[in-house]
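Enquirer: structure, please.
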Amino acid sequence: MRERKARQAASTAREAISVIHVEQPVRTRKPNRGKRKIKAKEESEKSDVAQGDFELARQENSEKDIVPKTRGRKPSNQTTNKRVSKDVDDKNQSVKRKRSSTENEPEPTRRRPLSPPLTDTSIERPRNVDRVIYGRAEIGAWYYAPYPSEFGALIDRLYICERCLQYTNLEKQYLAHRMQCQRRRPPGKVIYKENKIKVYEVDGRDDKLYCQNLCLFTKLFLDHKTLYYDVEGFKFYVLTETSGRLRTDIMAGYFSKEKISYDNYNLACIMTLPTHQRKGYGRLLIELSYELSRREGVIGSPEKPLSNLGLLGYQSFWASTLLSALHPLKSNVTIEELCWQTGIHEEDVISTLKRLDLLDYWKPPSGDSEIPLEICITHQMMNQAMTKFNIKLGRRLNPALLQLQ
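Expert: Coordinates of the predicted model:
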């Protein structure tokens with residue numbers, strides 16, 4: 001009996017051990033679950049790192065700071081701040097080096113401006129040029145001209161090349177320039193030629209520097225001239241004299257005209273050099289301006305106010321032209337017909353006739369306002385006006401020699 005009980009106990013123990021051995025594979029599943037958890041944890045860490053890299057890239061784009069991209073881990077704020085501060089320090093050092101290098105460099109020499117500076121024309125300034133050396137002539141300046149301030153407050157002698165109108169205050173530079181200057185005539189095209197006299201049409205847009213120098217030179221002899229910088233909207237008609245063995249065309253006078261004038265102005269500025277006055281050049285330029293207006297089919301008039309010498313020249317031209325048109329007439333003529341015949345504006349016609357004492361009104365009958373006013377001008381009145389004001393009939397310009405395309 002005892003042996004049977006011992007055998008039964010041993011068999012039950014063996015069965016228990018076998019059961020335990022059977023249950024061992026079930027227990028070995030726990031490490032697999034741990035591996036799954038480890039993989040999930042690694043994937044979460046990778047996603048966190050990727051998300052951190054994305055946020056870091058977005059921060060780099062927003063702050064525009066160059067920060068190297070890390071792999072496998074998210075960079076801390078301390079490292080990024082250190083890198084940003086290092087970049088800022090490098091930039092500051094580079095700026096300091098540039099400043100030190102620029103301070104050690106010598107200052108660049110200032111060149112003489114090619115175009116004159118803008119000035120306030122409402123202020124009357126004292127004359128800043130004493131004498132002008134223009135070719136072989138020495139001319140005394142009349143008014144202030146805005147030449148560069150580097151020349152000084154008072155220029156004793158201003159040297160101007162008669163070929164290209166470049167200017168300087170040093171005689172050595174002037175002589176050296178004359179040896180190198182190859183220009184023999186003004187720019188533009190010739191539209192009028194009579195013996196030694198030529199008239200060039202120069203566009204202010206195409207030859208800006210020449211026109212600016214011309215206007216600046218003119219300012220020495222005109223008090224109310226304001227145009228010497230913005231020349232692109234004007235055309236310049238330069239009158240020259242041919243002289244010398246090299247047959248050089250030297251500027252003696254000119255007038256300027258707007259390209260587009262809504263008020264039908266046929267002249268903006270006119271000037272004849274003092275050395276070439278009393279030769280009929282001013283009269284020729286005035287007649288040329290009216291001839292251009294006549295060929296354009298408009299009635300022109302100069303811009304006002306005119307200078308003293310300009311007003312005298314225009315009064316002489318208006319009086320001579322109107323008397324030349326009225327003298328052969330033996331019938332009635334209206335003011336409008338006289339304007340279209342001579343090309344002179346109505347206001348200028350009336351002011352000229354009034355100045356010559358040629359206005360005698362015949363009043364219409366009372367109560368009838370439709371009858372126009374009539375003016376009676378006799379040949380005796382015209383002869384008296386020609387004698388009193390020393391008016392000479394005739395033209396200085398020959399329209400047949402005018403060459404326009």
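
Enquirer: pull out the buried positions in stretch 201-210.
Expert: 201-204, 207-208, 210 (16 or more other C-beta atoms under 10 Å). Bear in mind the C-beta positions are built from the backbone N, C-alpha and C, glycine included.

Enquirer: looking at those residues, point me to the pair that's furthest apart.
Expert: E201 and K208 (15.3 Å; C-beta to C-beta).

Enquirer: all strands of this structure, in order?
Expert: Shown for the chain, the strands assigned by DSSP state E span residues 129-134, 137-140, 155-160, 167-168, 189-194, 197-203, 234-243, 248-258, 265-267, 269-272, 301-302, 361-362, 374-375.

Enquirer: which of these sits closest to L175?
Expert: L175 sits nearest to strand 155-160 of all the strands of the chain, at 8.6 Å, using C-beta to C-beta.

Enquirer: and stretch 142-162, which residues are buried?
Expert: Neighbour-count burial for stretch 142-162, counted by 16+ other C-beta under 10 Å, picks out 143-148, 151, 155, 158-162.

Enquirer: can you check stretch 182-199 too?
Expert: 185-188, 191-192, 197-199.

Enquirer: quick one: contacts for the nearest residue to W142 once chain neighbours are set aside?
Expert: Computed as C-beta to C-beta, 6 or more residues apart in numbering, the closest residue to W142 that is not its neighbour in sequence is F221, at 5.1 Å. F221 is in contact with 141-143, 271, 273-274, counting by C-beta atoms under 8 Å, 6 or more residues apart in numbering.

Enquirer: please produce a markdown table containing those residues, extended by pLDDT and distance to I286.
Expert: Shown next, in a markdown table, are the contacts of F221 (pLDDT from 0 to 100; distance: C-beta to C-beta, whole Å):
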| residue | pLDDT | distance to I286 |
| --- | --- | --- |
| A141 | 94 | 24 |
| W142 | 92 | 21 |
| Y143 | 91 | 22 |
| M271 | 93 | 12 |
| L273 | 95 | 16 |
| P274 | 94 | 18 |
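
Enquirer: of the buried residues of stretch 142-162, which is the nearest to S331?
Expert: Distances from S331 to these, taken by C-beta to C-beta, are shortest for Y143, at 48.6 Å.

Enquirer: just give the number of residues close to V132.
Expert: Close neighbours of V132, defined as other C-beta atoms under 10 Å, add up to 22.

Enquirer: assess the claim that it and D156 are in contact.
Expert: No: using C-beta atoms under 8 Å, V132 makes no contact with D156, being 10.8 Å away.

Enquirer: farthest pair in the contacts of F221?
Expert: Pairwise distances across those peak at 14.1 Å for Y143 and L273 (criterion: C-beta to C-beta).

Enquirer: pLDDT weak spots in the stretch 201-350 of the chain?
Expert: Residues of the stretch 201-350 of the chain that meet the criterion pLDDT under 70 lie in 225-228.

Enquirer: show me where it has its helices.
Expert: For the stretch 201-350 of the chain, the helices defined by DSSP state H, counting those that start in this stretch cover 208-218, 281-296, 308-326, 335-342, 346-355.

Enquirer: and the shortest one, what does it pack onto?
Expert: In other words, helix 335-342. In terms of contacts (3 or more C-beta pairs under 8 Å, 6 or more residues apart in numbering; DSSP states H and E), helix 335-342 is packed against helix 308-326, helix 346-355.

Enquirer: turn the ones you listed into a markdown table, columns for mean neighbour count.
Expert: Output for the helices and strands packed on helix 335-342, formatted as a markdown table (neighbours: other C-beta atoms under 10 Å):
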| stretch | mean neighbour count |
| --- | --- |
| helix 308-326 | 19 |
| helix 346-355 | 16 |
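
Enquirer: for those, which one sits closest to G394?
Expert: helix 308-326 (7.3 Å).

Enquirer: against which helices or strands is the closest one packed?
Expert: When contacts are defined as 3+ C-beta pairs under 8 Å, 6+ apart, helix 308-326 sits against helix 281-296, helix 335-342, helix 346-355, helix 379-388.

Enquirer: ok, which of these comes nearest L326?
Expert: By C-beta to C-beta (comparing all of these), the closest turns out to be helix 379-388, at 6.5 Å.

Enquirer: which strands or helices does that closest one pack on?
Expert: Packing partners of helix 379-388 (3+ C-beta pairs under 8 Å, 6+ apart): helix 308-326.

Enquirer: save the strands of the chain as a markdown table, and put in distance to R355 too.
Expert: Shown next, in a markdown table, are the strands of the chain (distance: least, C-beta to C-beta, whole Å):
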| stretch | distance to R355 |
| --- | --- |
| strand 129-134 | 35 |
| strand 137-140 | 32 |
| strand 155-160 | 37 |
| strand 167-168 | 40 |
| strand 189-194 | 30 |
| strand 197-203 | 29 |
| strand 234-243 | 27 |
| strand 248-258 | 23 |
| strand 265-267 | 20 |
| strand 269-272 | 20 |
| strand 301-302 | 16 |
| strand 361-362 | 16 |
| strand 374-375 | 14 |
